[in-house]
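> Generate a structure from the sequence data that follows.
(one chain, ligands or ions: 1)
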Amino acid sequence: MFLDCAGKTLDLSTPQVMGVLNVTPDSFSDGGSWSTLDAAISQAEAMVEQGAAIIDIGGESTRPGAPAVSVEDELARVLPVIEVLAPRLPVPISIDTSKPEVMRAAAAEGVGLINDVLALQAKRALAAAAELNLPVCLMHMQGSPRTMQQDPQYVDVVSDVAGFLAHRAAAAISAGVAKQNILLDPGFGFGKTVEHNYQLLAGLERLPEAFPLLVGMSRKSMLGAILDKPVDQRLHAGVAAATIAAMKGAAVIRTHDVAETVDALKITSATLRGE
Ligand code: 8Y4
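Okay, here's the model as predicted:
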């Protein structure tokens, strides 16, 4: 029910919000300057005030077609932010990375959770996560960020994703990650058609139930495709999707829209308690 994130607690007895803090140059115009850092810190503090239980910091864009980022560039983006935020925030910080070097450096600065869209499949990532003894989110992706949306195919997307996640959890446990430190994520939008994404959302209860589920649908094209609306007009749909996921048992909702999602999850939580 409670996750120890490097001394800070993540309460998973009710659904919680993970606030997204992007520190890629496309989210803040000038990389590395004080105003960039200041904006990131203010945004993180605002999300905590709005009720975020954890803040996810990522310096590597995982959007379809995004260019690869070097270890050095990724560290230059995320470390200054983590250094300031880790001692200041009352909630844990999560590091969105697939690189073991970034996991280690971020952990040394006080990060409390590893959010890996590659599910620790990069070389030496399993060993790094096991040694750091932090909670880790293992996400499903078909293909690589560059090509994943070209022609995604599954026999049964829910069974395929469930099988992959069960295998990655087993690999993590074999490498020395504590079972209680594992969260799983079906990876909405990562190598999935719109139909695959809704099959996954509908079948969320069929994913491995031994681990808490984290999901991220906020602003994604699975919402835009149904609404036929651009990314800045997907707030209400994202809140609806978050509510549905939480009703189906999701423990953590990763979102850009913290205040609205926190309200929705309070209603969800009261409903789950009522039944
Ligand atoms: C607008 C804004 C449209 C953002 C698309 C996006 C997940 C994740 C991402 C997720 C976990 C994104 C790092 C994609 N999505 N980590 N990361 N789960 N665990 N796209 O679903 O936000 S980045």
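
> For the residue in the chain that the ligand sits nearest to, which residues count as its bridge partners?
Residue of the chain nearest the ligand, by Cβ to the nearest ligand atom: G216 (2.7 Å). Any C-beta I mention is one placed from the backbone N, CA and C, and that applies to glycine too. Taking DSSP bridges, one finds R254 as the beta-bridge partners of G216.

> Next, count neighbours for it.
29 (other Cβ atoms under 10 Å).

> Over to the one 3 residues further on?
A total of 21 residues lie near R219 under the criterion other Cβ under 10 Å.

> A225 now?
With other Cβ under 10 Å as criterion, A225 counts 14.

> How are the helices of the stretch 51-200 of the chain distributed by residue range?
All helices of the stretch 51-200 of the chain, identified by DSSP state H, counting those that start in this stretch, fall at 71-88, 100-108, 125-132, 157-175, 194-202.

> Please list the outside residues in contact with the first one.
Residues outside helix 71-88 that contact it (Cβ atoms under 8 Å, 6 or more residues apart in numbering) are 21, 23-25, 31-32, 37, 40-41, 44-45, 55, 57-60, 93, 95, 97, 99, 101-102, 105-106, 109-111.

> Would you mind listing what in the chain touches the ligand?
Counting by Cβ under 6 Å from any ligand atom, the chain comes close to the ligand at 58, 62-63, 96, 115, 117, 137, 139, 185, 187-188, 214, 216, 219-220, 231, 254.

> same thing but at 8 Å, please
Neighbours of the ligand within the chain, by Cβ under 8 Å from any ligand atom: 18, 20, 56, 58, 61-63, 96, 115-117, 137, 139, 185, 187-190, 214-221, 231, 234, 254, 256.

> Mark which of those are buried, thanks.
18, 20, 56, 58, 61-62, 96, 115-117, 137, 139, 185, 187-190, 214-221, 234, 254, 256 (16 or more other Cβ atoms under 10 Å).

> Next step: these restricted to strands.
18, 20, 56, 58, 96, 115-116, 137, 139, 185, 214-216, 254 (DSSP state E).

> In contact with H140, which residues?
A119, V161, F164, L165, D185, P186, G187, F190.

> For stretch 240-254, what is the distance to the chain centroid?
Put simply, stretch 240-254 sits 13 Å off its chain's centre (Cα atoms, centre = their mean, to the nearest Å).

> tell me the mean pLDDT for that stretch?
Mean pLDDT, stretch 240-254: 99.

> and the two most separated of the contacts of H140?
Pairwise distances across those peak at 12.5 Å for L165 and F190 (criterion: Cβ to Cβ).

> returning to what we had before: redo the ones in strands among the buried ones among the residues of the chain next to the ligand as TSV? Include distance to D151.
Output for those, formatted as TSV (distance: Cβ to Cβ, whole Å):
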residue	distance to D151
M18	30
V20	28
D56	29
G58	26
D96	26
N115	27
D116	25
C137	27
M139	20
D185	23
L214	27
V215	24
G216	23
R254	26
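
> Widest-spaced pair of these?
Across these (Cβ to Cβ), the longest gap, 16.2 Å, separates G58 and V215.

> Contact partners for the residue nearest to R104 when sequence neighbours are not counted?
Of all residues not flanking R104 in the chain, A128 sits nearest, at 5.8 Å (Cβ to Cβ, 6 or more residues apart in numbering). Contacts here follow Cβ under 8 Å, 6+ apart; on that basis A128 touches P100, M103, R104.

> Please apply the same query to K8.
P90, V91, P92, G112.

> Check these for burial and list the buried ones.
Using 16+ other Cβ under 10 Å, the buried ones in these are V91, P92, G112.

> just to revisit the earlier point, and the residue nearest to R104, what's its pLDDT?
pLDDT, read off for A128, is 98.

> Check S27 too.
58.

> same deal with W34?
83.

> again, but for the one 4 residues further on
Per-residue confidence (pLDDT) for D38: 93.

> Buried by neighbour count: which residues of the helix or strand harbouring it qualify?
Element membership of D38, judged by DSSP states H and E, is helix 34-49. Neighbour-count burial for helix 34-49, with 16+ other Cβ under 10 Å as criterion, is recorded at T36, L37, A39, A40, I41, Q43, A44, M47, V48.
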